[in-house]
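> no FASTA, just this:
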């Protein structure tokens, strides 16, 4: 697996993209509508929010991806098309019709995603003229990544190459945050593409495995969105023998996919609303990997841990507290805990530490916390960000 | 049921209290150690944190209350005596020994609770001289309520009288917040007393019912503490025939107990760290009362709802989103939603509303949000507070 520098989805053979400012975002200039398309129908898989209030595009995309096939996705930012009733479903369908007509492909091979404010109808005349203005190219991947942003400060992209036998395939993706981020299936919006040839059922399983170790281990604010969507398209342009669970390179491909997904998830956490620091929580010695992931996620989701990191306050009891309520097996009399290189607890015994060293370990921009529960061999990592006045300010004024 | 104005625990017959500044809090003046005692052994019940990391006093108090009997409780603020290992357990035991010796009662009839910073050993010499200095009286209830405060701005007390046949009994309580508040069994610290005579098993059930409808429906920041403790002592001084499940007045007593508990829980939410507004979320029409409570709690726990309330931003999609991920049955096409008197959704249809009226409904200090899920007859309420820059500031600098 080799990372691709400044990767974008159009680095992958057979994928093109295009983006415009359609006017859904109100600033009069930001890209807010994009189409991502494969030159041929792709094997596809998706994961969607587990929120029971699901946006119209989520319902429609899930329906379309049930076939395991997709050729293009149309995405808008600035409006989530959620809680918009029958008209919202009609608008989502219309978006796929516009993209299908533009590309000359069947409407059933087009998926859709939306992100932005909830409870407002889409301005469809703007979407229509926007679609007409989009020009797809093999170089517009970065534009597409910007067109799906809402309160994100930076676009999130990642990609890599993987050697599968005599073929080299590419995997790339883009994602957006940056509030209402506590994925319970997928992040708000993420799109990954590969030119690998894959069996549909293998792709589904590989995607679920990658998501459980990436997007589902990342949180900004504990709110699971109505629009969480992650799609993966594999168009086979690399010409490799189609991968399935029995392929020699199956593990290598899955690991590369997980790597790209984790890079995107980390980028979302790093750009959390108002965030000034990125937090990585590693849990080792849990009774299972699941338990380790659960414990790690509880720590990065804790408002008290997040504010302590923000204030560079080595108030490590809050980490223990979050481990304790995570649902994972924890016996505090066995725990080892460190922040960066500063040991705070060993075998459940409080370690005297130099307070300034503890403060330094929390100065960021990257903060690492490691706990060994000393109960088993389970490992897991989760990512998050600090909680700042900036988060409060951004979210106290979102629709205004 | 008749509320008692400016109630305190010593308004209840046979209970006395005393508090001092022992020096556990570092400001050199605030009350930080108190003893609450009954003139005779009381029937007692308690609920404790479900966090797997449990402070020493939680473990000890739970053990002591297993007998269903308790005569006194010693409580300190400023130090949680959590994650403190064997020495922490010894310190907790020592606190009960000091109180028992002072009162001349068996140590097994004394319970203990602590709140404050985690992971620091108690200054036991200060506790010892503090206990020596405490003077118990029938008028020091308000002092005790202040002695259990940490970052609380105001003390929380409530009480009422209830007529049981020819006897009038009193119920009163005190509680403290105000961060690490997302009780999953009890609030951080709460103490309730009554002079009613009760059967031990009835008291346990009555307490659990009251907690599920009060403290467990309240959240400040989603962090379930290591020290959550709620105790209820019933000393029988009122002389009524002992209440059990079959008593004519059992329901009346339970309702009064729930009322006192809910008053305390609401006071904790209102005084949440950094809070400027109190939020009450009512859910009606759920498939069950449990579902309604779950849905209501998810809304008041949502960072995005809390910041929107802070900013008086009628971004009601965030309420729908939280209902959707609460785990309760929700069909957004049926939901009625209003903030104050401003209708936002009826039968799942977006209602045009005057934006200024929506802003006004969120100006506080009391914000009411009501959702009817229109799926059944379940009802539930939850309480919380807004999320502000103040919360971030307080918690970025707690141990410093």
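In hand now; what should we look at? Given the structure is predicted, the values throughout are model-derived calculations rather than measurements.

> any stretches of the stretch 251-400 of chain A with poor pLDDT?
A:398-400 (pLDDT under 70).

> ok, now the stretch 101-250 of chain A?
A:178-187, A:222-223.

> which stretches of it form helices?
Here the stretch 101-250 of chain A has its helices, by DSSP state H, counting those that start in this stretch, at A:124-133, A:141-147, A:200-212, A:250-270.

> pairing partners for the strand or helix carrying residue A:34, with directions?
Per DSSP states H and E: residue A:34 is located in strand A:33-48. When sheet partners are counted by DSSP bridges, strand A:33-48 sits next to strand A:15-20 (antiparallel), strand A:69-79 (antiparallel), strand A:229-234 (antiparallel).

> now do the last one against helix A:200-212, angle only.
In other words, strand A:229-234. 140 degrees (axes from the mean of the first three to the mean of the last three C-alpha atoms, to 10 degrees).

> please apply the same query to the first one.
In this structure, strand A:15-20 runs at an angle of 50 degrees to helix A:200-212, with the same axes, to 10 degrees as the basis.

> mind listing what's buried in strand A:15-20?
By 16 or more other C-beta atoms under 10 Å in any protein chain shown, the buried positions in strand A:15-20 come out as A:15, A:16, A:17, A:18, A:19, A:20. Quick note: C-beta positions are derived from backbone N, CA and C, even for glycine.

> okay, those residues in JSON lines with pLDDT next?
Below are these laid out as JSON lines (pLDDT from 0 to 100):
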{"residue": "A:15", "pLDDT": "95"}
{"residue": "A:16", "pLDDT": "96"}
{"residue": "A:17", "pLDDT": "97"}
{"residue": "A:18", "pLDDT": "98"}
{"residue": "A:19", "pLDDT": "98"}
{"residue": "A:20", "pLDDT": "98"}
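
> still on that earlier bit, just say which of the helices of the stretch 101-250 of chain A is most tucked in.
Among the helices of the stretch 101-250 of chain A, ranked by average contacts under mean count of other C-beta atoms under 10 Å in any protein chain shown, first place goes to helix A:141-147 (a mean of 25).

> now do that helix: which elements does it pack against?
Judged by 3 or more C-beta pairs under 8 Å, 6 or more residues apart in numbering or on different chains; DSSP states H and E, helix A:141-147 is in contact with strand A:15-20, strand A:33-48, strand A:69-79, strand A:156-164, strand A:167-176.

> what mean pLDDT would you report for the strand holding residue A:34?
The average pLDDT for strand A:33-48 rounds to 95.

> get me the contact residues on the stretch 201-350 of chain A for chain B.
Residues of the stretch 201-350 of chain A lying close to chain B (C-beta under 8 Å from any C-beta of the partner chain) are A:221-226, A:301-304, A:307-308, A:310-311, A:313-318, A:320-325, A:328-333, A:344-345, A:348-350.

> all strands of the stretch 301-400 of chain A, in order?
A:336-339, A:342-346, A:349-350, A:366-372, A:378-385 (DSSP state E, counting those that start in this stretch).

> any idea which of the ones you listed is most buried?
strand A:378-385 (a mean of 25).

> most tightly surrounded among the strands paired with strand A:33-48?
Scoring those by mean count of other C-beta under 10 Å, the most buried comes out as strand A:229-234, with a mean of 30.

> next, count neighbours for residue A:175.
Residue neighbour count, defined by other C-beta atoms under 10 Å in any protein chain shown, stands at 31 for residue A:175.

> that one touches residue A:156, doesn't it?
Yes. Contact criterion C-beta atoms under 8 Å: residue A:175 and residue A:156 qualify, at 4.6 Å.

> list the buried residues of stretch A:97-113.
For stretch A:97-113, by 16+ other C-beta under 10 Å, it's A:98, A:99, A:100, A:102, A:103, A:105, A:109, A:110, A:111, A:112, A:113.

> which residues are in contact with that stretch?
A:35, A:37, A:41, A:44, A:46, A:57-58, A:60-61, A:64-65, A:67, A:69-76, A:92, A:95-96, A:127-128, A:131-132, A:134, A:136, A:148, A:189, A:191, A:227, A:229, A:231 (C-beta atoms under 8 Å, 6 or more residues apart in numbering or on different chains).

> follow-up on the earlier one: any residues in contact with both of residue A:175 and residue A:156?
Residues touching both residue A:175 and residue A:156 by C-beta under 8 Å, 6+ apart: A:264, A:267, A:268.

> list the contacts for residue A:250?
Contacts for residue A:250 (C-beta under 8 Å, 6+ apart) come out as A:202, A:206, A:243, A:244.

> the residue of the stretch 101-250 of chain A found nearest chain B: how many residues sit nearby?
For the stretch 101-250 of chain A, the residue closest to chain B is residue A:118, as judged by C-beta to the nearest C-beta, at 2.4 Å. As a burial measure, residue A:118 scores 25 neighbours (other C-beta under 10 Å).

> isn't it right up against residue B:322?
No. The criterion here is C-beta under 8 Å, and residue A:118 misses it with residue B:322 at 11.0 Å.

> any idea how far residue B:250 is from the nearest residue to residue A:244 once chain neighbours are set aside?
Of all residues not flanking residue A:244 in the chain, residue A:199 sits nearest, at 4.1 Å (C-beta to C-beta, 6 or more residues apart in numbering or on different chains). From residue A:199 across to residue B:250, the span is 64 Å (C-beta to C-beta, to the nearest Å).
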